[in-house]
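Peer 1: pasting the sequence and the predicted model now:
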Amino acid sequence: MSQSLDIDLLRSFVAIAETGVLGQAALRVGRTQSALSMQMQRLEGIVEQPLLHRTGRGVTLTATGERLLVRAGELLRKHDEALAELRGEQLSGVLRFSCPDDYAVVFLPYLLQSFASLHPRVQLEVMCAPTPRLHELLARHAVDLALVSVPGDATGDDVIRHEPLVWVAHRDGVAASLDPLPLALGAPDALDHRLPRQALEAAGRAYRLAYASSSLSGLVGMARSGQAVIVLTRTAVPDDLQILTAEQGFPELPSVGVTLAFDREAPTALTAAFAAHVRKFLPAA
């Protein structure tokens, strides 16, 4: 007799996978630990494979469990969206989102389009600015959430991906060989401004600030003119510009982390839904 994957079993399984502790997972789904253990036994019986490794420190997933976690997330999302639609509970309202220009160019089109297709009644308002300005907007509650940069050595589940910083210049320009090096950098208090200057000073290479702007198009324009070297996240480098390397006399730059920041400790259901969407669909690196 064939068996089906029960939604309640999958929801409990995802809670265990995300917390790694039966006690915390039990609180999340409103069951006792013994009831949760029985659910997992039923689920393992349905898939006919072990899903969990139980250790002294908690619970980890087997290889089959890891595969099921991906499928379970997809099934739960589709189930919840279908149920909300049938109940007339589709998300609606205005969501104010912000991020730096380079993230907007690379990630924003897909993130916004895919979220809008799931929640067509939501109105999205987007603002781009350097990370320090985004924190100011959040503090004033001018935006609901922002995709921001943090130092690359930041750790924890909050960091969604890491972005390498790279030196960028015109392919046939002479700016990279000049002494002092002409630089075009972003906002003075942003990581992509401070970190390159620190790297050059540590390497003993002279430079001058030829241009400073929070505009990505302005920085890219300076690089394309051949008048300055700029610093971008690797994914934001246009195809017509070149990445400069250590062989060309440029010190290696650190990565920056990418994470979400909110304007309040308890975000609204709409803000939380968009944050979950970003965490799910923003590619890791």
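Peer 2: Noted; the coordinates are in hand.

Peer 1: going forward, measure contacts and count neighbours with C-alpha atoms only.
Peer 2: OK.

Peer 1: residue 210: helix or strand, and which one exactly?
Peer 2: Here residue 210, judged by DSSP states H and E, is contained in strand 207-212.

Peer 1: what is the orientation angle of the following helix or strand past that strand with strand 207-212?
Peer 2: Once the chain leaves strand 207-212, the next helix or strand it forms, by DSSP H and E, is helix 216-225. Helix 216-225 and strand 207-212 are oriented at 130 degrees to each other (axes from the mean of the first three to the mean of the last three C-alpha atoms, to 10 degrees).

Peer 1: just the buried residues of helix 216-225, please?
Peer 2: 216, 218-224 (16 or more other C-alpha atoms under 10 Å).

Peer 1: cool, and stretch 123-142?
Peer 2: Result for stretch 123-142 [16+ other C-alpha under 10 Å]: buried residues 127-135, 137-138, 142.

Peer 1: with stretch 265-284 instead?
Peer 2: Under 16+ other C-alpha under 10 Å, the buried positions of stretch 265-284 are 270-271, 274-275, 278-279.

Peer 1: ditto for stretch 98-110
Peer 2: For stretch 98-110, by 16+ other C-alpha under 10 Å, it's 98-104, 107-108.

Peer 1: check stretch 36-48 too.
Peer 2: 36-37, 39-41, 43-44.

Peer 1: swap in stretch 140-154?
Peer 2: 142-150, 152.

Peer 1: count of neighbours near the closest residue to residue 139 other than its chain neighbours?
Peer 2: The shortest distance from residue 139 to any non-neighbouring residue, by C-alpha to C-alpha, 6 or more residues apart in numbering, is to residue 263 (6.2 Å). For residue 263, the count of nearby residues is 19 (other C-alpha atoms under 10 Å).

Peer 1: sorry, back to before: so which of the buried residues of stretch 123-142 comes closest to residue 256?
Peer 2: residue 131 (11.5 Å; C-alpha to C-alpha).

Peer 1: quick check: the closest one touching residue 99?
Peer 2: Yes. At 7.3 Å, residue 131 and residue 99 qualify as touching, with contact defined as C-alpha atoms under 8 Å.

Peer 1: so what sits against both of those two?
Peer 2: residue 148 (C-alpha atoms under 8 Å, 6 or more residues apart in numbering).
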